[in-house]
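>>> Sequence below, structure please.
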Amino acid sequence: MGIWLLRRLGQIIPTLLILSVLIFGLQQLMPGDPALILAGEERGDPQVLAEIRAELLLDRPLWQQYLAWLGRVLTGDFGFSWRIRMPVAQLILEKLPVTLQLALMAFVIAVLIGVPLGIVSAVWKDRPVDWAANGVALAGISTPNFWLGIMLILLFSVQLGWLPPSGYVSLFEDPWQSLATTIMPAFVLGNSIAGVLMRHTRAAMLTALSQDYVRTARAKGLTERMVVVKHALRNALIPVVTLGTIELGRLLAGAVLTEQIFTIPGFGKLIVDAVFNRDYPVVQGVVMATALIFVLLSLLADLLYMAINPRLRSA
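Residues are numbered from 1 along each chain as shown. This is a model prediction of the structure:
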């Protein structure tokens, strides 16, 4: 197990290095000159533009800019935001808890809805319960997030007055108010993922229920609940775990539309503002942090595989 973990960690390093090259290289395709944006009213002064480019290393070759940026990143320094004039690492640490709370709430909602519906749908295949579960999943997948978000605001904020329409309160300041400000956007995000999880869980369960070991378990006289939960579900969870980690990573990357609708100051709003302002260090830092999250979630998925199926530990 220790050797396997070291091998996987060894694979993460070149992966992140390749991602850093892609992130920095693709960043250069963004149109516009950051120096002109930062110069403001003095953009017509060549000396001011030259000083800005020298300060930001924009006057150096791309490979020198990349090595300078990579050297700082390896020490935990993602640079300074050109617009906000704050360390990018500080911005990420401020926004990450917001997105993390929203993503985890949405993921829990998706799992609580999608996985049970997928199990029920597979066990009672081609019955009214199966059709109803598929209808719920299809509705969740098909409903646009921006439309659902607006409808929830109209219902629970405007009509009923139960929840605030927008804004965010930290979980550490006021837990109940924090829950009130994040429950609607979390449901919007979790709703679409629940439909996807339901479909994958149903397909995996149908495959598992048709296997020989399930028929053997039934032949031994085990109860249907024991067969479904202990034998079929445990083996069906592996593809669901894979999908779940991918979706959780996507949530942590920032749900741009949902955060904009509910005015949630998370990764989504941060990256959108940085792109519009040509704030390269913020864009690079957020994308690099997101890539690291995806890589770590992939490692977590592998560990969960082994916890679910011990036979994989010796594979």
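>>> Quick check: mean pLDDT of stretch 304-313?
Confidence for stretch 304-313, expressed as mean pLDDT, is 65.
>>> Next, the contact list for Trp124, please.
Trp124 makes contacts with Asp130, as judged by Cβ atoms under 8 Å, 6 or more residues apart in numbering. Yep, even glycine has a C-beta here, placed from its N, CA and C like the rest.
>>> And it, how close does it get to Gly249?
32 Å (Cβ to Cβ, to the nearest Å).
>>> what's the pLDDT at Leu197?
Reported pLDDT for Leu197: 88.
>>> For it, what is the enclosing helix or strand?
Using DSSP states H and E, Leu197 falls within helix 175-209.
>>> other SSEs contacting that helix?
helix 88-123, helix 128-142, helix 145-152, helix 234-252, helix 256-261 (3 or more Cβ pairs under 8 Å, 6 or more residues apart in numbering; DSSP states H and E).
>>> Lowest mean pLDDT among the helices and strands of the chain, which one is it?
Counting by mean pLDDT, DSSP states H and E, the weakest-scoring helix or strand in the chain turns out to be helix 34-39, with a mean of 67.
>>> Please tell me the pLDDT value assigned to the spatially closest residue to Pro87 that is not a sequence neighbour.
Distance criterion Cβ to Cβ, 6 or more residues apart in numbering; nearest residue to Pro87, sequence neighbours excluded, is Phe80 at 5.9 Å. At Phe80, the pLDDT value in this model is 79.
>>> Phe80: what's it in contact with?
Met86, Pro87, Val88, Pro281.
>>> Would you confirm that Ala137 contacts Met198?
Yes. The pair Ala137 and Met198 qualifies as a contact (Cβ atoms under 8 Å) at a distance of 4.1 Å.
>>> So between these two, which is more surrounded?
Using other Cβ atoms under 10 Å as the criterion, Ala137 and Met198 rank with Met198 on top: 29 against 24.
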